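Trainee: Here is a sequence with its predicted model. Questions after.
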Amino acid sequence: MPVEKWSDNVVVVHLGDDPQFTDDLDALGAVGSKVDVVLDFAAIHFLNSSNLARLLALRKRMQSADARLVLCGVSTSVWGAFLVTGIDKLFDFRDSVPTALASLQLA
């Protein structure tokens, strides 16, 4: 999993399509409990229901740890999956990794 440790409390994860997507999200369990995460979707071309369920589980885990999750680089086709399922309102979306990192710094 291409993970960039941006700072002591922020990591950037560059996701890949399945099956790497599943492995990338599962590996986030090893990241510290109070670490904010930026998920870069730039290389993702599709999401299935299993992927969406894993994202929701990650969101829940991060909320319980009082950490923030920001999704960025979401393509039009992937954005459609978020819209159709109605979970687009549950996540914080940004255009790119730099804007996602800036939003974490400003918050």
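Mentor: Nice, I can see it.
Trainee: Now do the residue nearest the centre of the chain against Leu83, distance only.
Mentor: In the chain, the C-alpha closest to the average C-alpha coordinate belongs to Leu39, at a distance of 3.1 Å (C-alpha atoms, centre = their mean). Distance from Leu39 to Leu83, counting by C-beta to C-beta, to the nearest Å: 17 Å. From N, CA and C alone the C-beta is placed, and that goes for glycine too.
Trainee: helices or strands up against the longest helix along the chain?
Mentor: With secondary structure taken from DSSP state H, the chain has its longest helix at helix 49-64. Judged by 3 or more C-beta pairs under 8 Å, 6 or more residues apart in numbering; DSSP states H and E, helix 49-64 is in contact with helix 20-27, strand 69-72.
Trainee: Can you tell me which of the ones you listed is most buried?
Mentor: Neighbour counts (mean count of other C-beta atoms under 10 Å) averaged over each of the helices and strands packed on helix 49-64 peak at strand 69-72, with a mean of 21.
Trainee: what does it contact?
Mentor: By C-beta atoms under 8 Å, 6 or more residues apart in numbering, the residues outside strand 69-72 that reach it are 36-42, 58-59, 62, 91-97, 99-100, 103-104.
Trainee: That one pairs with which strands?
Mentor: strand 36-40 (parallel), strand 92-94 (parallel) (DSSP bridges).
Trainee: Going along the chain from it, find the next helix or strand for me.
Mentor: Using DSSP states H and E, the helix or strand that follows strand 69-72 in sequence is helix 76-85.
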